[in-house]
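Enquirer: from the sequence below, what's the structure:
(5 chains, ligands or ions: 4)
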Amino acid sequence: MTITPASVVSARSLGLTFETNDGPVNALTGVDLDVNKGDFVSFIGPSGCGKTTFLRVIADLEKPTSGTITVNGTTPEDARKNRSYGYVFQAAALYPWRTIEKNIALPLEIMGYSAADQKARIERTLDLVNLTGFSKKFPWQLSGGMQQRASIARALAFDADLLLMDEPFGALDEIVRDHLNEQLLKLWDRTNKTICFVTHSIPEAVYLSTKIVVMSPRPGRVTDVIESTLPKERPLDIRETPEFLEIASRVREGLRAGHSYDE
Amino acid sequence: MTITPASVVSARSLGLTFETNDGPVNALTGVDLDVNKGDFVSFIGPSGCGKTTFLRVIADLEKPTSGTITVNGTTPEDARKNRSYGYVFQAAALYPWRTIEKNIALPLEIMGYSAADQKARIERTLDLVNLTGFSKKFPWQLSGGMQQRASIARALAFDADLLLMDEPFGALDEIVRDHLNEQLLKLWDRTNKTICFVTHSIPEAVYLSTKIVVMSPRPGRVTDVIESTLPKERPLDIRETPEFLEIASRVREGLRAGHSYDE
Amino acid sequence: ADKVVLQLKWVTQAQFAGYYVAKDKGFYEEEGLDVEIKPGGPDIAPPQVIAGGGADVVVDWMPSALATREKGVPLVNIAQPFKSSGMMLTCLKESGVATPADFKGKTLGVWFFGNEYPFLSWMSQLGLKTDGGPDGVTVLKQGFNVDPLIQKQAACISTMTYNEYWQVIDAGIKPEDLVTFKYEDQGVATLEDGLYVLEDKLKDPAFKEKMVKFVRASMKGWKYAEANPDEAAGIVLENDATGAQTEEHQKRMMGEIAKLTAGSNGALDEADYKRTVASLMKGGSDPVITKEPEGAFTHEITDAALK
Amino acid sequence: MEKPSFLRDRIMPVGTILLALLVIWYIAVIFLNAPFERDTAARAGTPISFSEIVPKTMFQQRPVLPAPHQVVAEIWDTTVNKPITSKRSLVYHAWITLSATLLGFGIGTLLGILLAVGIVHNRAMDRSLMPWVIASQTIPILAIAPMIIVVLNAVGIAGLLPKALISTYLSFFPIVVGMVKGLRSPEQIQLDLMHTYYASPSQTFWKLRWPASMPYLFTSLKVAIAIALVGAIVGELPTGAVSGLGARLLAGSYYGQTVQIWSALFMAAALAATLVIIVGFAHTAVLRRMGVKP
Amino acid sequence: MNSALIVGAIAFWLIAWAINEWLVRRKFKNRTAARAARLAVPLLFGITILVLWEGLVRGLNVPSVLLPPPSMIWTRLINSLPTLWADFQQTFLKAVITGYALGCGLGFLVAIAIDRSPFLQKGLLPLGNFVSALPVIGVAPIMVMWFGFDWQSKVAVVVIMTFFPMLVNTVSGLAATSSMERDLMRTYAASWFQTLLKLRLPAAWPFIFNALKINSTLALIGAIVAEFFGTPIVGMGFRISTEVGRMNVDMVWAEIAVAAVAGSAFYGLVALVERAVTFWHPSVRGGQA
Ligand SMILES: Nc1ncnc2c1ncn2[C@@H]1O[C@H](COP(=O)(O)OP(=O)(O)OP(=O)(O)O)[C@@H](O)[C@H]1O
Ligand SMILES: Nc1ncnc2c1ncn2[C@@H]1O[C@H](COP(=O)(O)OP(=O)(O)OP(=O)(O)O)[C@@H](O)[C@H]1O
Ligand SMILES: [Mg+2]
Ligand SMILES: [Mg+2]
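Expert: Ligands and ions are numbered 1, 2, ... in the order given. Next comes the predicted model:
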């Protein structure tokens, strides 16, 4: 069980149980997974199967109750303290008292970027998520999708090698989504980041990933890990190729198998 | 401009402008639309085009700044006071001090359902959204998708003739989504409700709707209204028929046309 | 000039006219003293102030001073400008009190904060309990005013001849509607307004010297005030920072005060002292002091001052 | 929507309520002051009718409840008709009290916030300090105030500060209670965000906890400033009650001058209301800057 | 002066502080051990204060009429239990509890009334501010005049003191809902009362409990101070003001100790109820710092 130096996330028989008022909830059990440097890993699985929980464990927001996990070869805590990841939460989690640009500036302020650098980065990421012109608005003045985009911009504004994204494009329409998918792939390609990405869309998962992790609920566990055979260069119409459709159907199989509906 | 008695929502050159700290925002302009009794209308359009705003105007949560709108032949205010609609918000908006079942019971308590009736309805709707077993949990103990399902359950628990649903299935995986799509269609068929439904998924819109409203942003307006030619009986595999695909591509066209990306 | 801080027992009023006159007329200055007069109030215990080092000399009543001495703060009386007591019990005639024998079962208003000792020893002389039972009297802690009598919440209240009594009169009740019992007449009077210092400080000759000058000047002030009551009242009024006193009231008070200081040249009369101690030691179930105090007064200062 | 009008939205409601209170007050004046007139008449042996009593109750020297016009006349007399440097001017006394209040409130706010910050950030302080902060508040200040003053005097501190400290003592507590809650009010997800940035405690404090606590802070400030005023007035007793509204109240009470008590009370209440309203304005201004949905 | 005592007391203080720091940092596997540690921390802190106090007072020879040492207070307390109990009954059980209930209740009801009617909001709220700082010293004599010298007048003072914190906090609390939460109620066409009961009150609880906590100590202060101004000869405030004059400062502190214990217990009770009622609030749910 040697960890290759390029392993960014490495989990071994990881388990997490929440204690609640009416008994324990098994959110994760026996998760074994390796994410290597430069991987684009998608997590897909039914609602409540533990995807968010797993991301939170990587981010050191939740402590596993059994098993081990390393991030960048260290404990999640050290990784967090090295500011080695950016996290996009499932909910936008914008601070209501800050305007959009101030929200994006938040991590930059904390990490001590210079004022000029902050400004440039805010502009660039706002443009990336198509929110130029809304920089002075407060979160409640934006639509749901715009808020989500602002929170993506916030995570992209600083340079983290690892991106943890929890359904970042859930509230976006197909076209914006396609656009952002492309942008994200470009970014990933250019910067050689490692990305852990939760999504509910099978095509999105297949289009983006080098590795697709299929999870199943109660207790949350990994049922399948699919390595993508698609090339690194991915135009949007790759989604019509038979290779793509094959992977997609394999994911759908895995998903259906782990699902609790018996229809 | 006669309103047919069966018209549930009828908007005439409706406009809404928000005043913000840095100038007015045109959320809606010149919207003309009729929704008839028993219609299943989907609203689709890029993020920030005014879908939520339009639903909020119908629900009397926002006052239009120009034009007129009637709901059930009366003003939105009277319609609201008649409790003629159920609303699923884009965010779950569960009350943190209530358990899931108590959250679902909320509208029932307010509308004065008997205790026994409440219990039966909570059980039924929890089952519908597959949350049986989580009734005693608090919102913060649920995953994002589960919270969204709880909020759908809350809107379905009482009998409103008009359902306003703002991206209810956004945070759900394909399989749960398919399941809930089917359930919703069944419900609609059985109860002859009128449904206004915001979604970002073109297939979902086409699969569910009798009428698809395509909107475009800045200022938010209706660019296309597509009447579906699909039969009322819709098995899931209708989505592979050429007729379905044709409507879908027309929607995609409309969406692309109104979009601000020029790629 | 030598600095002396004097802590009064109560707020600025003609009761302390002698000190204000001495200061205003420059009597202290003549002796080479720089005297600061600190007014007191309902929440100020002069013994505490002097124990904490906040004053050199304080004005206090003897019961409280002796009690303090027993508690380990050795206060010593160095002068006694007030010869007789001004305290009395004032009752409404309509309440049915004519003699002390009528107190039984009545509600009586009393000042506490160390001023209750004379009352308690009187009651124990009369054989009345103060626990509110049917055989005794019900005691009510009186605020700083005469409301309990006017509101008829009490049959009798404590008053001073120079102050509260006149407030009752001012409130529209005629003297003939009132019955008063002076402590002096009942033989339970205790010494009021004396000057006290800490015993160990007296060992310092310089301090002693200072006190001699202080007492001499103060007595000069008192005698001047007795002779010129209206002027004295005016001086007091000048020094009142609350701006709430009225000229009429202060003049009248000065007149009454003059009666109390009249018999004293400042030296403590040992007979008065003995009487006070005796009545305090009787004090019923809860005597104020348990043993005969020793060294609680000295004539050294007044002897030197009055030479 | 109608445009807000100052007259209709501000003056009218306050005026109506005020009028109602005045009417109640006058009625109370008659009934509370009548027994005295009856007694006087009875002692004098002359029967008196109710209609004769009523006008008399309005102009008593030492009424149980002074009539509004008496209080107004007294306030007018002691504010407008006296130079403000005079000891008989209510403005002079109000200023003395106000300065102690503001100083005490300032120190109290600072102390309260600091304690709350400590309690929220340091577990040892949370566990050990809070119970004792509470216990400290149950100590009746008037009981230990003389000792405090004596001790402060002994080390040479006198004048404004001892009074201010008593008002601090009373006013820091609402701030501690409110701010502990306010600083802990950010949602888990908002804290998680800071956690992912490995923000230092001070960054988390300034960028998250502090803004999130604003509603609690301002509510506490309103309570605290009112209590600070009470504290400053109470503090005037053991400091010799020489000047200030507390001294006026005491002197009024000592000499049975009800009218004077009531006018000092009104001055105190007006002062408090003004202070609270100023804090309220600050609250609205801060909320607006923080972009709260109107 | 006895420097050994002073040094000893300060040393004790430093050691106890170190132990406390160590205790809160330690993680206990055993649940009872963890609970014991939780209790030990404030207790140790308290004992430290007492030891420091005793050491300094004795070491510096502070006269007991200024500040008696804790041991002397304790002896006095034990010897005066019947008096203390009578005072406690008079002041706490009669005046404080009644006044607290009435004052908080009144503040709450006025806040609700203000919330219900915009007219009252504009008319009553500014006047409510007037009541905010009616000083005890001024009010207490008036209340004695109106309600007699027994505990009823103290109740009135306590009512006046506790009214404003409750009013302000309730008004703030009722405004503490998010717009989405309110919108939900609108869609149900919920009546004002239903919205109050099911949304705005639950959201207001954290604020209301702040007021209840502040008032729990304020009520005690108010009642005690009110007793400085005319009372029957029983009650904690009466005893304190009287015994100060008699230089029985140990009795004063015994009375203060009773007040502190009663007040803390009262506060603790309110805090306990708060935890149960606002369990959902982030401040209670607890996040990592
Ligand atoms: N704080 C918590 N306390 C108790 N249970 C929790 C908590 N957080 C999550 N859970 C439970 O853990 C399980 C996994 O939740 P998680 O949020 O990881 O799901 P998910 O895969 O992200 O789902 P979704 O796609 O709906 O967001 C769920 O059953 C949920 O109820
Ligand atoms: N309260 C508000 N104040 C100011 N502007 C607002 C407000 N609410 C919405 N807007 C603006 O109105 C426009 C339409 O918003 P709306 O929420 O209706 O979009 P939407 O179609 O629902 O988008 P999405 O799919 O992202 O939810 C946006 O540009 C938004 O910024
Ligand atoms: Mg999730
Ligand atoms: Mg929307």
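Enquirer: so which residues on chain D come close to chain B?
Expert: D:188, D:291 (CB under 8 Å from any CB of the partner chain). The way it works is simple: take the backbone N, C-alpha and C, and place the C-beta from them, glycine included.
Enquirer: how is chain D divided into domains?
Expert: Annotated domains of chain D cover D:6-64, D:90-289 [automatic domain parsing].
Enquirer: as a markdown table, these with mean neighbour count would be great.
Expert: A markdown table is the format used below for these (neighbours: other CB atoms under 10 Å in any protein chain shown):
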| stretch | mean neighbour count |
| --- | --- |
| domain D:6-64 | 14 |
| domain D:90-289 | 22 |
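Enquirer: quick one: closest of those to chain C.
Expert: domain D:90-289 (3.4 Å; CB to the nearest CB).
Enquirer: E:T48 is in contact with E:F12, correct?
Expert: Yes. Using CB atoms under 8 Å, E:F12 makes contact with E:T48 at a distance of 6.7 Å.
Enquirer: and the two? which has more neighbours close in?
Expert: Set E:F12 next to E:T48 and count neighbours by other CB atoms under 10 Å in any protein chain shown: E:T48 wins out with 20 against 16.
Enquirer: does the strand or helix carrying that one reach chain D?
Expert: Following DSSP states H and E, the helix or strand that holds E:T48 is helix E:31-59. Yes. Applying CB under 8 Å from any CB, one finds helix E:31-59 touching chain D at E:38, E:41-42, E:44-46, E:49.
Enquirer: which member of the residues you listed is positioned nearest ligand 3?
Expert: Closest approach to ligand 3 among these (CB to the ion): E:R38, at 34.1 Å.
Enquirer: now the residue nearest to the closest one when sequence neighbours are not counted: how far from E:F209?
Expert: Nearest residue to E:R38 in three dimensions, chain neighbours excluded: D:R127, at 6.6 Å (CB to CB, 6 or more residues apart in numbering or on different chains). Distance of D:R127 to E:F209, computed by CB to CB, to the nearest Å: 20 Å.
Enquirer: what residues are up against the residue nearest to the spatial centre of chain A?
Expert: The C-alpha lying nearest the average C-alpha coordinate of chain A belongs to A:M165 (CA atoms, centre = their mean; 2.1 Å). Residues in contact with A:M165 (CB atoms under 8 Å, 6 or more residues apart in numbering or on different chains) are A:87-88, A:152, A:155, A:195-198.
Enquirer: okay, and which of those map to strands?
Expert: The strands in this structure, assigned by DSSP state E, contain A:87-88, A:195-198 from those.
Enquirer: just put those residues in a markdown table and tack on distance to chain E.
Expert: A markdown table is the format used below for the ones in strands among the contacts of A:M165 (distance: CB to the nearest CB, whole Å):
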| residue | distance to chain E |
| --- | --- |
| A:Y87 | 15 |
| A:V88 | 20 |
| A:I195 | 26 |
| A:C196 | 22 |
| A:F197 | 26 |
| A:V198 | 22 |
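Enquirer: of these, closest to E:A257?
Expert: Within the ones in strands among the contacts of A:M165, distances to E:A257 taken as CB to CB reach their minimum at A:Y87, with 52.0 Å.
Enquirer: quick check: the residue of the stretch 1-150 of chain E nearest ligand 4.
Expert: Counting by CB to the ion, the stretch 1-150 of chain E gets nearest ligand 4 through E:D115, at 30.8 Å.
Enquirer: in three-state terms, label C:V76 for me.
Expert: strand (DSSP: H, G, I helix; E, B strand; the rest coil).
Enquirer: ignore what I typed, I meant C:V139.
Expert: C:V139 falls in the strand class when you classify it by three-state DSSP.
Enquirer: doesn't C:W111 make contact with it?
Expert: No. Counting by CB under 8 Å, C:W111 is not a contact partner of C:V139; they are 10.8 Å apart.
Enquirer: out of the domains of chain D, which comes closest to A:A205?
Expert: With CB to CB as the measure, domain D:90-289 is the member of the domains of chain D nearest A:A205 (23.4 Å).
Enquirer: tell me the secondary structure for whichever residue of chain A sits closest to chain E?
Expert: Going by CB to the nearest CB, chain E is nearest to A:W140 of chain A, at 7.1 Å. Three-state assignment for A:W140 (three-state DSSP): helix.
Enquirer: neighbours of it, how many?
Expert: Counted with other CB under 10 Å, A:W140 comes out at 14.
Enquirer: what's the answer for A:N181, then?
Expert: 20.
Enquirer: returning to what we had before: between the contacts of A:M165, which is nearest C:V11?
Expert: Nearest member of these to C:V11, counting by CB to CB, is A:Y87, at 68.0 Å.
Enquirer: state the distance from that closest one to A:A27.
Expert: 18 Å.
Enquirer: repeat that for E:A33.
Expert: Counting by CB to CB, the gap from E:A33 to A:A27 is 28 Å.
Enquirer: higher neighbour count, those two?
Expert: Looking at E:A33 and A:A27 with other CB under 10 Å, you find the greater number of neighbours at A:A27, namely 26 against 11.
Enquirer: quick one: that one is in a strand?
Expert: Yes. Under three-state DSSP, A:A27 sits within a strand.
Enquirer: do you know the pLDDT at it?
Expert: As predicted, A:A27 sits at a pLDDT of 85.
Enquirer: since we're on A:V176, how many residues are nearby?
Expert: Neighbours of A:V176 (other CB under 10 Å): 22.
Enquirer: name the element it belongs to?
Expert: helix A:174-191.
Enquirer: ok, for the one residue in chain A that gets nearest to chain C, nearest residue in space, not its chain neighbours?
Expert: Proximity of chain A to chain C (CB to the nearest CB) peaks at A:W97, 46.0 Å away. Nearest residue to A:W97 in three dimensions, chain neighbours excluded: D:M290, at 3.9 Å (CB to CB, 6+ apart).
Enquirer: tally of neighbours for the one you found?
Expert: Neighbours around D:M290, by other CB under 10 Å: 15.
Enquirer: separation between it and ligand 1?
Expert: 29 Å (CB to the nearest ligand atom, to the nearest Å).
Enquirer: quick check: that residue touching D:M214?
Expert: Yes. With contact defined as CB under 8 Å, D:M290 counts as touching D:M214 (6.7 Å).
Enquirer: what do the two both touch?
Expert: Shared contacts of D:M290 and D:M214, counting by CB under 8 Å, 6+ apart, come down to A:W97.
Enquirer: quick revisit: any idea what the residue nearest to the centre of chain A is bridged to?
Expert: A:V88, A:F197 (DSSP bridges).
Enquirer: show me the contacts for the residue of the stretch 1-150 of chain E closest to ligand 4.
Expert: E:121, E:171, E:174, E:196, E:200 are the contacts of E:D115 under CB under 8 Å, 6+ apart.
Enquirer: do D:G246 as well
Expert: D:97, D:232-237, E:135, E:137.
Enquirer: need phi/psi at it.
Expert: Here is the backbone geometry of D:G246 (degrees, to the nearest 10): phi -60, psi -40.
Enquirer: can you tell me how far the residue lying closest to it once chain neighbours are set aside sits from ligand 4?
Expert: Nearest residue to D:G246 in three dimensions, chain neighbours excluded: D:E236, at 3.2 Å (CB to CB, 6+ apart). Using CB to the ion, to the nearest Å, we find D:E236 at a distance of 60 Å from ligand 4.
Enquirer: do C:N145 as well
Expert: In terms of CB to the ion, C:N145 sits 70 Å off from ligand 4.
Enquirer: now swap in E:A156 and tell me
Expert: Taking CB to the ion, one finds E:A156 at 55 Å from ligand 4.
Enquirer: does the nearest residue to that residue once chain neighbours are set aside count as helix, strand or coil?
Expert: Among residues not flanking E:A156 along the chain, E:M143 sits closest, at 4.3 Å (CB to CB, 6+ apart). Recorded secondary structure, E:M143: helix (three-state DSSP).
Enquirer: count of neighbours near E:M143?
Expert: 24.
Enquirer: next one: A:E227
Expert: 10.
Enquirer: in chain E, which spans are strands?
Expert: Under DSSP E, chain E gives strands at E:231-232.
Enquirer: alright, that wraps it up for me.
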